[in-house]
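Participant: Fold the following.
(one chain, ligands or ions: 1)
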Amino acid sequence: MSHQQDTNRLIRALNKVETIICVDVWWTAATRWSDIVFPAATTLEQNDITSGGTYSNDRVYAMKKVIEPIGESLPDYEIFEGLADKLGLWAQFTDSEDKMYHIKLAYEASGAAKEIPFEEFWEKGYARMPVPAEARKWTRHGAFYEDPEGSPLHTTSGKIEMFCDTIANMELDDCPGMPQWIEKHEYLGVAKEGQLHVVSPHPWFRLHSQMANSERLRDLYMVQGREPVRINAEDAAARGIEDGDLVELYNKRGTVIAGAVVSDGIMPGVVSIYEGGWPQLDSKGRDNSGLANFLTSTQPTSGLAEASTANTTLIEMRKCEDPEGPNMAYHPPAIIEDMEIAEIDDEALGLERLEALTAALYADMTPGEQMFFERCTVCHAPREVTHYTQQQWKGIVPSMFERAGLEDSERELVMDYLMTNAADAAAH
Ligand code: HEC
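Facilitator: Model prediction:
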């Protein structure tokens with residue numbers, strides 16, 4: 001909810017969805033906009049496994065349980081285990097084993113298992129994955145410098161491109177073949193009298209929206225319980241705003257109530273409010289908490305990148321004369337103690353449809369494609385096969401096959417699928 005630009009547009013979209021189910025550790029805005037919430041345990045309350053290492057990603061870590069889950073929360077694995085059971089798929093979901101078995105299986109499918117056995121890894125807390133020499137050759141620091149001709153980049157020319165023909169040939173109005181300044185849809189150059197430019201940088205006191213639920217942290221920066229907005233003294237004076245006042249920042253997309261921090265540390269015409277606040281709407285549809293994304297637009301950076309333009313936003317500002325009560329964005333809901341829990345109607349689950357869909361999905365796939373979607377999606381979303389040439393795939397797969405723990409026969413199947421569907425497959 002905090003992450004998405006033009007939050008009111010997101011809310012309009014959510015209102016069209018019949019049922020929203022959310023799995024979360026905290027009582028976030030996403031849970032408040034959901035119909036059903038499964039309270040999940042944190043990573044400190046369950047055993048798990050993860051990979052890491054800056055850039056190299058060549059380490060596996062044991063994430064060990066520190067305390068039991070609090071309240072009725074469950075590890076997400078157990079939440080889905082329970083759901084699978086309701087759907088009559090418990091055995092398929094669990095292989096009739098517990099989570100530790102799957103953690104061990106995941107470890108043993110990685111290259112690290114060749115170095116040290118699972119029990120030793122779990123005891124020690126981490127293991128290294130060997131990077132095959134063939135793959136190391138392909139890293140940015142490897143043979144590229146020794147043999148640039150033989151180690152092309154993933155561009156058409158195989159080189160760093162100042163002018164990109166591929167992009168130029170797309171003939172997009174807002175994305176020429178090389179970087180250049182293009183007039184923004186919203187900036188001070190097109191602002192009307194009284195409009196201000198709003199920027200929403202990363203906060204220093206939390207990670208995006210994470211940790212905003214910590215009252216101890218909020219006490220360090222909030223102004224009257226709202227996100228602080230930095231305003232130049234001239235802009236504040238022109239609107240009768242004083243340091244510590246509540247202000248309304250608004251445009252046609254939404255209205256945000258924030259706490260004024262009047263300062264000479266920001267240029268006139270620009271206000272700054274950190275991204276990542278949690279939302280709470282008051283009866284007038286104003287955000288009573290200070291989430292900057294009620295103001296930002298979904299205008300993409302260009303027709304090619306479609307990235308967000310969160311810092312390209314015009315607003316107007318006035319003193320807030322009628323705030324409605326405190327910011328409730330971080331308050332948990334009231335719990336109804338003596339509620340009767342309904343039985344699940346098995347008939348209504350539509351299991352036949354589920355089985356038919358699964359069968360239809362797999363029916364069209366070659367064994368290599370099936371293996372690709374099953375084994376190459378453990379760490380990341382499936383990569384678009386057609387986005388790489390055969391040559392590029394040959395460079396990428398040595399390290400990925402190792403990571404996915406594929407046997408020789410399985411490698412052959414996946415390789416066959418990649419070669420048949422690579423960008424230049426038809427040319428070969
Ligand atoms: C154990 C985790 C893991 C598994 C399993 C895995 N990958 Fe990756 N993959 C990564 C990581 C980490 C990166 C990014 C770092 C890198 O490039 O090495 C990555 C990057 C990629 C990239 C981008 C490479 C580039 O240079 O643009 C492709 C393509 C890819 N993987 C394909 C695959 C395929 C195909 C499989 C199945 C055979 C697979 N991956 C299985 C972890 C994994």
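
Participant: Next, R230: secondary structure please.
Facilitator: Using DSSP: H, G, I helix; E, B strand; the rest coil, the secondary structure recorded for R230 is strand.

Participant: Looking at strand pairing, list the partners for it.
Facilitator: R230 has the following beta-bridge partners by DSSP bridges: V261, S272.

Participant: Contact partners for T7?
Facilitator: Contact partners of T7, counting by C-beta atoms under 8 Å, 6 or more residues apart in numbering, are 1, 254, 279, 287, 291, 293-294. From N, CA and C alone the C-beta is placed, and that goes for glycine too.

Participant: Quick check: the two most widely separated of those?
Facilitator: Comparing all pairs in these by C-beta to C-beta, the longest separation belongs to M1 and G254, at 12.9 Å.

Participant: Name the residue in these two with the higher neighbour count.
Facilitator: Between M1 and G254, counting by other C-beta atoms under 10 Å, G254 is the more crowded of the two (24 against 19).

Participant: quick one: contacts for the residue lying closest to the more buried one once chain neighbours are set aside?
Facilitator: Here the nearest residue to G254 in space, its sequence neighbours aside, is F294; by C-beta to C-beta, 6 or more residues apart in numbering that works out to 3.4 Å. Contacts were defined as C-beta under 8 Å, 6+ apart; by that measure F294 touches 6-8, 253-256, 279, 287.

Participant: As CSV, those residues with secondary structure and distance to the ligand would be great.
Facilitator: Converted to CSV, the contacts of F294 look like this (DSSP: H, G, I helix; E, B strand; the rest coil; distance: C-beta to the nearest ligand atom, whole Å):
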residue, secondary structure, distance to the ligand
D6, coil, 31
T7, helix, 31
N8, helix, 36
R253, coil, 36
G254, coil, 37
T255, strand, 41
V256, strand, 37
P279, coil, 33
D287, strand, 37
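
Participant: Selection in ChimeraX covering whichever of these are buried, please.
Facilitator: For anyone working in ChimeraX, the buried entries among the contacts of F294, judged by 16 or more other C-beta atoms under 10 Å, can be selected with:
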select :6,7,8,253,254,255,256,279,287
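
Participant: now, which of the contacts of T7 sits nearest K104?
Facilitator: For K104, the closest of the contacts of T7 turns out to be M1, at 36.4 Å, with distances computed as C-beta to C-beta.

Participant: Helices along the stretch 251-400 of the chain, start to end?
Facilitator: 351-363, 367-375, 390-404 (DSSP state H, counting those that start in this stretch).

Participant: winner for burial among the ones you listed?
Facilitator: helix 390-404 (a mean of 19; mean count of other C-beta atoms under 10 Å).

Participant: Which other helices and strands does it contact?
Facilitator: Contact here means 3 or more C-beta pairs under 8 Å, 6 or more residues apart in numbering; DSSP states H and E; on that basis helix 390-404 packs against helix 133-136, helix 408-421.

Participant: Now for R206, how many residues are close by?
Facilitator: 19.

Participant: my guess is it contacts G276, does it?
Facilitator: Yes: judged on C-beta atoms under 8 Å, R206 makes contact with G276 at a distance of 6.2 Å.

Participant: Now for these two: what residues contact both?
Facilitator: Shared contacts of R206 and G276, defined by C-beta under 8 Å, 6+ apart, comprise A212.

Participant: does E119 sit in a helix or strand, and which one?
Facilitator: With elements taken from DSSP states H and E, the one containing E119 is helix 118-124.

Participant: gap between K65 and A84?
Facilitator: Taking C-beta to C-beta, to the nearest Å as the criterion, K65 is separated from A84 by 22 Å.

Participant: what sits opposite R226 in the beta ladder?
Facilitator: On the basis of DSSP bridges, R226 is bridged to V223.

Participant: Who are the contact partners of it?
Facilitator: Taking C-beta under 8 Å, 6+ apart, one finds 246, 257-259, 288-290, 327 in contact with R226.

Participant: Now with 7 Å, please.
Facilitator: 246, 257-259, 289-290, 327 (C-beta atoms under 7 Å, 6 or more residues apart in numbering).

Participant: same thing with I231?
Facilitator: Counting by C-beta under 7 Å, 6+ apart, the residues that I231 touches are 241, 260-262, 271.

Participant: Next: A212.
Facilitator: A212 is in contact with 206, 218, 276-278, counting by C-beta under 7 Å, 6+ apart.

Participant: Make JSON lines out of these and add pLDDT and distance to N47.
Facilitator: Written out in JSON lines, the entries for those read as follows (pLDDT from 0 to 100; distance: C-beta to C-beta, whole Å):
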{"residue": "R206", "pLDDT": "94", "distance to N47": "27"}
{"residue": "R218", "pLDDT": "96", "distance to N47": "32"}
{"residue": "G276", "pLDDT": "96", "distance to N47": "30"}
{"residue": "G277", "pLDDT": "96", "distance to N47": "33"}
{"residue": "W278", "pLDDT": "97", "distance to N47": "30"}
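
Participant: Fine by me, we can end here.
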